[in-house]
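Chemist: how does the following fold in three dimensions:
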Amino acid sequence: MAERGLCSRREADRLIEQGLVLVNGESIDQLGVRVDPASSICLAPAAVLQRQALVTVLLNKPPGIVSNLPEQGYAEATSLIQQRTYAGNKNQAATPAPAAGSLHVAGRLDIDSSGLLVLTQDGSIARELISPDSVIEKEYRVRVAGDITPKRIQQLRHGLELDGRLLCPATVNQSGPERLVFVLTEGRKRQIRRMCELVELKVLTLVRTRIGKVHLGRLARGQWRYLGPGETF
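Modeler: Sure, this is the predicted structure:
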């Protein structure tokens, strides 16, 4: 079910136990039942309604805010949701902010970085963004100190290793003095900062501006909005 994009593995277990998964039109309510891979598998109408109620939030994370791992003295990203610095559809403005504990970060940003951060109740969206086989692009605008040369840009694009493993090819272009644009399809820990260090460049600022087809747009720092109907990564 997770591989077909119906829901996350954890959600699948819960829905099966509730009898809300249909295999060839018949309800299945026991975990571990084997089915033919060619079988028709779908969610019962009640399960579809449950999933439609799940929310995904887009936040412009400022520097100095922790994505999801608590650090003493630093606020977590979910605290900005509870402060209701809301910048989305006015029709949703009166809707209570989702509970902090119900949101999970899908693709974190380090404490010094800013930009587009996804927090979701939907396990299938989290899997889409952060699973090891995800190929969704993430775009970053980066200001660096050091001499940007064609050779260094080429090194950043392909051939660097982190933690003994070759990095996937990246799209890296200069957008102005001290300015680079990175488009990555993987997310190693502090990847761009470490890549730049390997070619003797120092990251001064780093902003994530896009995840897949979803752009940061005019969302101001510290503000958030819901992922809109029909909006996909």
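Chemist: lowest confidence element among the helices and strands of the chain?
Modeler: When each helix and strand of the chain is scored by mean pLDDT, DSSP states H and E, helix 45-52 comes last, with a mean of 76.
Chemist: for Ser175, grab phi and psi.
Modeler: According to degrees, to the nearest 10, the main-chain angles of Ser175 amount to phi -110, psi 0.
Chemist: contacting residues for it?
Modeler: Neighbour list for Ser175: 141, 181 [criterion: Cβ atoms under 8 Å, 6 or more residues apart in numbering]. Backbone N, C-alpha and C define where each C-beta goes, glycine included.
Chemist: which parts of the least confident helix or strand of the chain are buried?
Modeler: Buried residues in helix 45-52, counted by 16 or more other Cβ atoms under 10 Å: 47, 50-51.
Chemist: closest one to Val57 out of the residues you listed, please.
Modeler: Arg51 (16.2 Å; Cβ to Cβ).
Chemist: which residues touch Ser27?
Modeler: Ser27 makes contact with 19-21, 44, according to Cβ under 8 Å, 6+ apart.
Chemist: in the sheet, which residues pair with Val21? Tell me.
Modeler: Ile28, Leu43 (DSSP bridges).
Chemist: need the buried residues of helix 45-52 in a markdown table (columns: distance to Thr120).
Modeler: Converted to a markdown table, the buried residues of helix 45-52 look like this (distance: Cβ to Cβ, whole Å):
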| residue | distance to Thr120 |
| --- | --- |
| Ala47 | 18 |
| Gln50 | 15 |
| Arg51 | 12 |
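Chemist: closest to Arg152 among the residues you listed?
Modeler: Arg51 (45.7 Å).
Chemist: excluding its backbone neighbours, what's nearest the closest one?
Modeler: What sits nearest to Arg51 in space, not counting adjacent residues and going by Cβ to Cβ, 6 or more residues apart in numbering, is Cys7, at 6.5 Å.
Chemist: helix/strand/coil for the closest residue to Val199 other than its chain neighbours?
Modeler: Sequence neighbours aside, Arg152 is the residue nearest to Val199 in space, at 4.3 Å (criterion: Cβ to Cβ, 6+ apart). Per DSSP: H, G, I helix; E, B strand; the rest coil, the secondary structure class of Arg152 is helix.
Chemist: relative to Glu200, how far out is Arg152?
Modeler: Note on Arg152: its distance to Glu200, by Cβ to Cβ, to the nearest Å, is 8 Å.
Chemist: looking at the two, which one has more neighbours?
Modeler: A count of neighbours by other Cβ atoms under 10 Å puts Arg152 above the other of Arg152 and Glu200, at 20 against 11.
Chemist: ok, the residue nearest to Val199 - contacts?
Modeler: By Cβ under 8 Å, 6+ apart, the contact set of Arg152 is 199-201.
Chemist: quick check: Leu6 touching Val48?
Modeler: No - with contacts counted by Cβ atoms under 8 Å, Leu6 stays clear of Val48, the gap being 9.8 Å.
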